[in-house]
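Enquirer: I'll drop the sequence and a predicted model, then ask my questions.
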Amino acid sequence: MAARDILPVMDPNGGTPVPRWNQMTASEVFEIGEPVAVVNAGTLTEPPDDATQFIVTDIDGGTEAGIACFGPGAGNINPVTGAAFAALDDIAYWPFGEGTIYKTSNVFAAGAGSDVAPAQTDVGEPYQMSYNTTATIGWGFEQTAALSGIDVQCIVIEVLDADNEPIRISGAAGTQALFVVPRPTLAAA
């Protein structure tokens, strides 16, 4: 796990994304920039760090998930209480499905393999949000087509170079991808 794997860059209205708050499940160790889901118990939990994609059923049949604004990992201090995080502390997260644009430099080849540079051909593709244990360890997306109703999708909208310029303009190699995440929904039975 690594802090700041995925972060929002802007709200669809051009402002700062508005977080939601929920209580944290006991014994969680997620950090800022890692996905979280509201599970049936009504608490925030990180999906498994297991080299597979983040699937909708990791949300326990709910539809509420997002990216942690902060978290208990690495001995972090709760900014609300000023003390170490405890079970059922409130945690803020940026919810999926609200048009927020996210950014990551963690792009993985299909099959959760090696790191790859994002390319212009990625724009418009719905990829799987995934945890990688092979190359860069952490959350990002894998260049495998996400299945609606099964996978949490990262729909790529722009690829940036090392200077944060769109590669479609600069012609330089991609280093980061911008994407949106639709609200996760379960496939019809």
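Expert: Nice, thanks for sending it over. All values reported here derive from a predicted model rather than from experimental measurement.

Enquirer: helices of this protein, start to end?
Expert: Secondary structure of the chain, counting by DSSP state H: helices at 167-170.

Enquirer: which residue ranges of it form strands?
Expert: Residue ranges of the strands in the chain, as given by DSSP state E, are 7-10, 20-23, 35-38, 44-45, 65-68, 90-95, 101-104, 107-108, 126-132, 138-145, 153-160, 176-180.

Enquirer: tabulate those strands in CSV, adding columns for mean pLDDT.
Expert: Output for these, formatted as CSV (pLDDT from 0 to 100):
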stretch, mean pLDDT
strand 7-10, 85
strand 20-23, 90
strand 35-38, 90
strand 44-45, 88
strand 65-68, 92
strand 90-95, 90
strand 101-104, 93
strand 107-108, 91
strand 126-132, 90
strand 138-145, 90
strand 153-160, 95
strand 176-180, 95
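
Enquirer: TSV please, covering those strands and showing distance to Thr52 and mean neighbour count.
Expert: For the C-beta atoms, the positions are set from N, CA and C on the backbone; glycine is no exception. Formatted as TSV, these follow (distance: least, CB to CB, whole Å; neighbours: other CB atoms under 10 Å):
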stretch	distance to Thr52	mean neighbour count
strand 7-10	22	16
strand 20-23	24	16
strand 35-38	13	25
strand 44-45	16	24
strand 65-68	16	26
strand 90-95	21	21
strand 101-104	17	20
strand 107-108	12	26
strand 126-132	7	24
strand 138-145	9	23
strand 153-160	15	21
strand 176-180	19	22
